[in-house]
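[1] Sequence first, predicted model second:
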Amino acid sequence: MTLSATDEGALALEEIPAFLFHLLRDVPGKASAEDPRVKRRFYPDPGQDELLVEDWKSLIQPELQELFQSAREIVQTDLLTATEESDVFAMEIPKTHMDAWLNALNQARLAIAAENHFEEKDMAEDLAPDPSDARSLALFEISFYGFLQECLVKMQD
């Protein structure tokens, strides 16, 4: 896979192997996981005060949900613009969509970590993905998404 900046400031992803494109295509679905562990990670209670928790759930959480959903929709739309030639894909992430991608990639990473009970020490491991081991693949997915986030942040600097 090659990454480059376009004249318009987009991130061009070219020569994306099918395996990695499949991971990209999974971002919106991973980020919208309905697992209770994921929901707790995305929307933690702000404290013990019942009134504060009630206000959080009625005032803040809906806005967060809307923001998260909007980011996933933008990512989904961008993924639909990808082209394929002989099991190799190419696409661009427009400059105006980079924040949405950062948001959705972060959601996906948090969801995968919550679903798999990963801790910091797990994510610090440098493992090659083992197709026969779901845990190894999940760690690789988190690393890949983190790599893309790093690229997007550098593009915005």
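    Nice, I can see it.
[2] When you work out contacts or count neighbours from here on, use the C-alpha atoms and nothing else.
    Fine.
[3] mind listing the strands in the protein by residue range?
    Per DSSP state E, the chain carries strands over the ranges 2-5, 11-17, 83-85, 88-93.
[4] how about the second one: buried residues?
    Burial within strand 11-17, assessed by neighbour count using 16 or more other CA atoms under 10 Å, is assigned to 11, 13-16.
[5] and which of these is nearest Asp55?
    Of all the buried residues of strand 11-17, Asp55 sits closest to Leu11, with 39.0 Å by CA to CA.
[6] Could you verify my assumption that that closest one touches His97?
    No - Leu11 is beyond contact range of His97, at 9.9 Å (criterion: CA atoms under 8 Å).
[7] follow-up on the earlier one: possible to save the buried residues of strand 11-17 as CSV with distance to His22 and pLDDT?
    Listed next are the buried residues of strand 11-17 as CSV, based on distance: CA to CA, whole Å; pLDDT from 0 to 100:
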residue, distance to His22, pLDDT
Leu11, 18, 97
Leu13, 14, 97
Glu14, 14, 97
Glu15, 13, 98
Ile16, 10, 98
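[8] where does this protein have low pLDDT?
    Applying pLDDT under 70 to the chain flags the ranges 126-127.
[9] Centre of the chain to the biggest helix by length in it, how far?
    Secondary structure of the chain per DSSP state H: the longest helix is helix 134-156. Centroid separation for helix 134-156 versus its chain: 8 Å, with CA atoms, centre = their mean, to the nearest Å.
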